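Chemist: Let me see the structure of the following:
(3 chains)
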Amino acid sequence: MSQLLENLNEAQRAAVVNYDGPSLIVAGAGSGKTRVLTSRIAYMLEQGVEPWRILALTFTNKAAAEMRERIAAMVSPEKSQRLWMGTFHSIFLRILRVEGDKLGYPSTFTIYDTADSRNLLKSIIREMNLSDDTYKPNAILARISLAKNSLVTPEAYQANTGYVAEDRQRKIPEFSEIYKAYVRRCKENGAMDFDDMLLNINILFRDFPDVLRKYQERFAYVLVDEYQDTNYAQYIIIRRLAQLHSRVCVVGDDAQSIYSFRGAKIENILRFRNDFPTARIFKLEQNYRSTQTIVNAANSVIEKNRNRLDKVSFSAGKVGEKIKVIKAYTDQEEASMIADEIRNRVRTSGADWIDVALLYRTNMQSRVFEEAFRRRGIPYRIYGGTSFYQRKEIKDVLAYMNLIVNPRNDEAFRRIVNYPSRGIGDVTIGRIASAAESAKLSLWEAVSTLDPEVMGLKGAAANKINEFTKLIRSLAEARESMDLYEFGLEVVTRSGIIGSYKLEQTPEAQSAVENIEELLNSMQHYAEQVESEPLYDPETGETVEGATASPSLIDWLQSVTLLTDMDEEEAEERDRVTLMTVHAAKGLEYRYVFIVGLEENLFPSLMSMDGAEGLEEERRLFYVALTRAKEAAVLSFSETRFKWGSMDFCKPSRFLSEIDPKYLDAAFDLGGEEENPVAARLKRNYDDHNARSSSNDGYGGGAIIRGEAARRFRPAGGQSAGARGGSPAEREGGSPAFGARRSERPEVVEPKPQVGAGTRFRSMGSRVVRQEEADAVSREAVTGGFFVGQRVAHASFGAGTVLAVEQSQGDNKVTVQFDVVGKKTLLCKYAKLVSLEGR
DNA sequence: CGGACGAGGATTTTT
DNA sequence: TCCTCGTCCG
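Modeler: Residues are numbered from 1 along each chain as shown, chains lettered A, B, ... in the order given. Below is the predicted model of the structure:
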């Protein structure tokens, strides 16, 4: 027997060995999913399957990299290297780079991230003379995204009377026009957004059967990880690719489907059998991660969901301790109690900080915990916030490079033409834009080919534009003659970006410079990596003799846009408590898990509660949270909570009472069916008070927010885009294995964007500052806070010296003489001072 | 063009 | 509450 099979249990082994037909591997939490998937691929390789015939799709770069590494160790790095393994986006990007010209895209097309898309959308809305009050860019973007994910093109959208009627009813009748304009502009700019990569692959496969055939033949085996998170577009791609051989293997856990707000459809995994009636189903039901208590408790909750695959999850491990439930009266107190609990636990169990994770439903909740940890000197790290590649300084540098690679990229042009400031104002840009439009050129093409006078530019404006043009041209030349890193250096210096930050002399500017340096390092790193690898012919997987790929700017740029902060490598593995959202915790495990804020309307979230589906997803989210714990879990809730400046009274989450009480250690009533009498009375008083004051001031208290948040797009009808044939990508018949069968069922594929969904931007470099802060403050806690004469730094005031420290009930006041801005008195609580001592 | 100031918005977010 | 964005001045 192959060594690969030795350490697998019966079910796992069956899932590994039977690779020659359609398979559904239902992998419960902690059941060794990754192990099975990697073993299966390794086993296939061992059995003589050529690596380039295997397509393995994941959702994160991290997952792909991890699998590749494991397979390299199991079989050989060479074979592992030649697998087509990566995220949906990176794999299909690779294909689109080759085939994109058939759809009218340059091979150097740019990828727009969410921020780019939103900016473009904003300008479209403005140009159409629509108010961005009614046409909220984020909401529009989300709706476009869901339309694309459902393979509904603008034309299909407009042809669909249901959608159009819905938009009229929603008072956004121009939506389809915006959608149309957005798609057109992206194409003119030679750009694709994230969703386009999936949509365009579908269009490609639909309109070019020979191309589809080529990839169907190449990918004799298709594997998909986290199948429960696939959306409609991804589902159709998989179906198409697998049509020829039907050797498709999907792995996932319906109980962990938590991304429906991004278009993921749990139905894909629930009904896999409908698409592939001959599929074998392998259930991995033994949980190797958690104690029996945790697994059973999690089961007792998830059982309340109706939309599930039939599966039992069990642990053969220790029974373990009961799940402790902590009640607090305020969110502040919750944070203190949890922080104490964490400290005690680490102390008594001999665990490290890194063994502890704190999970919450919303990022907002992290703040109080940060403060509590800081006060106690508990080191922590926060996941989330602005990812590295979203930072302003990074996006600016990338925009220079993007413009050089793709001269049609107007968004990049607009971003950098006057950054750093070179005196090119709106008027000038407006003139260029109108000249460009009438000449049917992109902004850069206009500027670099048209006579300035033709564009109505003279004098200073013409000179400045000329300077800019020369700059970009010479940078483009630099790219030809230099290696990647040198070119990068050239860009950041000649553009003046580094110079302008160096002038600023603030901590943020310093951090920006460091981030840019980091970016250049990553270019260097990338180049070295590419040069060290042999060149493979993707068609045959053969090594091209004596050749290595040359690191290209476009490849680097594209790989960079597909990275997220989850992919960031930990700079130093340090011993810290991890704080993150439950979503971010998926796939991770910790000895001790603390799930906080278990209150109605927070977890489960108010926003997802307008239907049974929403509640079920929240429940799955809770399931994910609980099953992250290996040894013990602690849950907490508070009876009151500050939300946006005012206090809210909260009921304990229904999930608490849904856990079978025999697994709980709670010294009080969890609410359950009845109301907590004290909280109820308090709430009545509070509501009365609010009602009175709001009728006076005419603002209606929190109702404005509630009303807004509660408003949702409703589906146009019961039918899906695919089923109704609204999508041009879906007109074909399909094989007997899928096709008709699929469309029978009324799917829920409506475009359902969330109001206000979108990327949150935290302040620039926030994470960097925060980490330093955490360190600094741990030290302080030991020395007992700030002291006179201490050198400190403030995010906006810069460096200074502490003149006085004043203690008044929890709020430490510090007077600081700042080197640049003078004397200020600050509340420690808000000022986020960083100690500069002892560095 | 940059700073100041006020309004408005604030789930989750693999790419 | 706290952050970001847009606008309005100097």
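Chemist: alpha carbons only for contacts and neighbour counts from here, please
Modeler: Noted.
Chemist: what about residue A:195, distance to residue A:412?
Modeler: Going from residue A:195 to residue A:412 by Cα to Cα, to the nearest Å gives 20 Å.
Chemist: Show me the shaky parts of chain A.
Modeler: Where chain A drops to pLDDT under 70, the residues are A:1, A:385-386, A:536-548, A:564-573, A:671-839.
Chemist: who has more neighbours, residue A:195 and residue A:412?
Modeler: residue A:412 (27 against 20; other Cα atoms under 10 Å).
Chemist: Skip the chain neighbours and tell me the closest residue to that one.
Modeler: residue A:399 (4.8 Å; Cα to Cα, 6 or more residues apart in numbering).
Chemist: mind listing what that neighbour touches?
Modeler: Residue A:399 makes contact with A:412, A:413, A:415, A:416, according to Cα atoms under 8 Å, 6 or more residues apart in numbering.
Chemist: any idea how far residue A:576 is from the third one?
Modeler: What that stands for is residue A:415. On the measure of Cα to Cα, residue A:415 and residue A:576 end up 38 Å apart.
Chemist: cool, and the second one?
Modeler: With distances taken as Cα to Cα, residue A:413 is found 42 Å from residue A:576.
Chemist: out of these two, which sits in the more crowded spot?
Modeler: A count of neighbours by other Cα under 10 Å puts residue A:413 above the other of residue A:413 and residue A:576, at 21 against 18.
Chemist: so residue A:435 touches residue A:446, yeah?
Modeler: Yes. At 7.2 Å, residue A:435 counts as touching residue A:446 under the criterion of Cα atoms under 8 Å.
Chemist: Which residues are in contact with the closest residue to residue A:445 other than its chain neighbours?
Modeler: Setting aside the residues directly before and after it, residue A:445 is nearest to residue A:407 in space (Cα to Cα, 6+ apart), at 6.7 Å. Going by Cα under 8 Å, 6+ apart, residue A:407 touches A:442, A:444, A:445.
Chemist: Doesn't residue A:407 lie inside a helix?
Modeler: No. Under DSSP: H, G, I helix; E, B strand; the rest coil, residue A:407 falls outside any helix and is assigned coil.
Chemist: Now do the end-to-end distance for stretch A:431-449.
Modeler: Start-to-end, stretch A:431-449 (Cα to Cα) is 15 Å.
Chemist: Buried residues, stretch A:339-355. List them.
Modeler: By neighbour count on 16 or more other Cα atoms under 10 Å, the buried set for stretch A:339-355 is A:339, A:340, A:342, A:343, A:345, A:346, A:353, A:354, A:355.
Chemist: Among the residues you listed, which one sits closest to residue A:403?
Modeler: Closest approach to residue A:403 among these (Cα to Cα): residue A:354, at 42.3 Å.
Chemist: of the contacts of residue A:407, closest to DNA strand B?
Modeler: Checking the contacts of residue A:407 against DNA strand B with Cα to the nearest atom of the strand, the nearest one is residue A:444 at 17.7 Å.
Chemist: name the element that closest one belongs to?
Modeler: Using DSSP states H and E, residue A:444 falls within helix A:443-449.
Chemist: Let me see the residues that make contact with the helix or strand just after that helix.
Modeler: Scanning forward in sequence from helix A:443-449 by DSSP H and E, the next helix or strand is helix A:459-481. Here helix A:459-481 makes contact (Cα under 8 Å, 6+ apart) with A:400, A:404, A:417, A:422-424, A:428, A:447-448, A:452, A:487, A:490-491, A:494-495.
Chemist: Let me see the contact set for the residue nearest to residue A:113 when sequence neighbours are not counted.
Modeler: Excluding the flanking residues, the one nearest residue A:113 by Cα to Cα, 6+ apart is residue A:193, at 6.1 Å. Contacts for residue A:193 (Cα under 8 Å, 6+ apart) come out as A:111, A:112, A:113, A:114, A:117, A:186.
Chemist: Point me to the helix or strand that includes the residue of the stretch 451-600 of chain A found nearest DNA strand C.
Modeler: Nearest to DNA strand C, among the residues of the stretch 451-600 of chain A, is residue A:508, at 11.8 Å (Cα to the nearest atom of the strand). Residue A:508 belongs to helix A:507-532 when assigned by DSSP H and E.
Chemist: Show me which positions of that helix end up buried.
Modeler: Buried positions in helix A:507-532, judged by neighbour count with 16+ other Cα under 10 Å: A:507-513, A:515-517, A:519-520, A:523-524, A:526-527, A:530.
Chemist: Inside helices: which ones of the buried residues of stretch A:339-355?
Modeler: Applying DSSP state H to those, the entries found in helices are A:339, A:340, A:342, A:343, A:345, A:346.
Chemist: Show me which of those residues is closest to DNA strand C.
Modeler: residue A:339 (19.4 Å).
Chemist: Run a quick check on the closest one versus residue A:373, I expect a contact.
Modeler: Yes. If you go by Cα under 8 Å, residue A:339 and residue A:373 touch, sitting 6.1 Å apart.
Chemist: so how far is DNA strand B from residue A:320?
Modeler: Applying Cα to the nearest atom of the strand, to the nearest Å, the value for residue A:320 to DNA strand B is 29 Å.
Chemist: Show me which residues of the stretch 301-450 of chain A are close to DNA strand B?
Modeler: Applying Cα under 7 Å from any atom of the strand, one finds that the stretch 301-450 of chain A approaches DNA strand B through A:361-364, A:384, A:418, A:420-426.
Chemist: Give me the distance between the two termini of stretch A:24-34.
Modeler: Stretch A:24-34: ends 14 Å apart by Cα to Cα.
Chemist: does DNA strand B sit close to it?
Modeler: No. Residues of stretch A:24-34 contacting DNA strand B under Cα under 7 Å from any atom of the strand: none, with a closest distance of 13.6 Å.
Chemist: Touching that stretch from outside, list them.
Modeler: Residues contacting stretch A:24-34 (Cα under 8 Å, 6+ apart): A:15, A:67, A:249-255, A:272, A:279-290, A:313, A:624, A:627.
Chemist: can you rerun that using 7 Å?
Modeler: Contacts to stretch A:24-34, defined as Cα atoms under 7 Å, 6 or more residues apart in numbering, come from residues A:15, A:249-253, A:279-289, A:313, A:627.
Chemist: cool, and stretch A:293-306?
Modeler: Residues beyond stretch A:293-306 that count as contacts (Cα under 7 Å, 6+ apart) turn out to be A:314-315, A:319-322, A:616, A:619-620, A:623, A:626-627, A:655, A:658-660, A:663.
Chemist: Restricted to strands, list those.
Modeler: Mapping those onto strands (DSSP state E) picks out A:314, A:315.
Chemist: residues contacting residue A:90?
Modeler: Residue A:90 makes contact with residue A:562 under the criterion Cα under 7 Å, 6+ apart.
Chemist: buried residues in the strand or helix carrying it?
Modeler: Under the criterion of DSSP H and E, residue A:90 resides in helix A:88-99. Across helix A:88-99, burial judged by 16+ other Cα under 10 Å covers A:88, A:89, A:90, A:91, A:92, A:93, A:96, A:99.
Chemist: Now the stretch 301-450 of chain A against DNA strand B: closest residue?
Modeler: Closest approach between the stretch 301-450 of chain A and DNA strand B, counting by Cα to the nearest atom of the strand: residue A:423, at 3.3 Å.
Chemist: for the stretch 201-350 of chain A, same thing?
Modeler: For the stretch 201-350 of chain A, Cα to the nearest atom of the strand, closest residue to DNA strand B: residue A:229, 3.9 Å.
Chemist: any idea how far that residue is from DNA strand C?
Modeler: Applying Cα to the nearest atom of the strand, the value for residue A:229 to DNA strand C is 29 Å.
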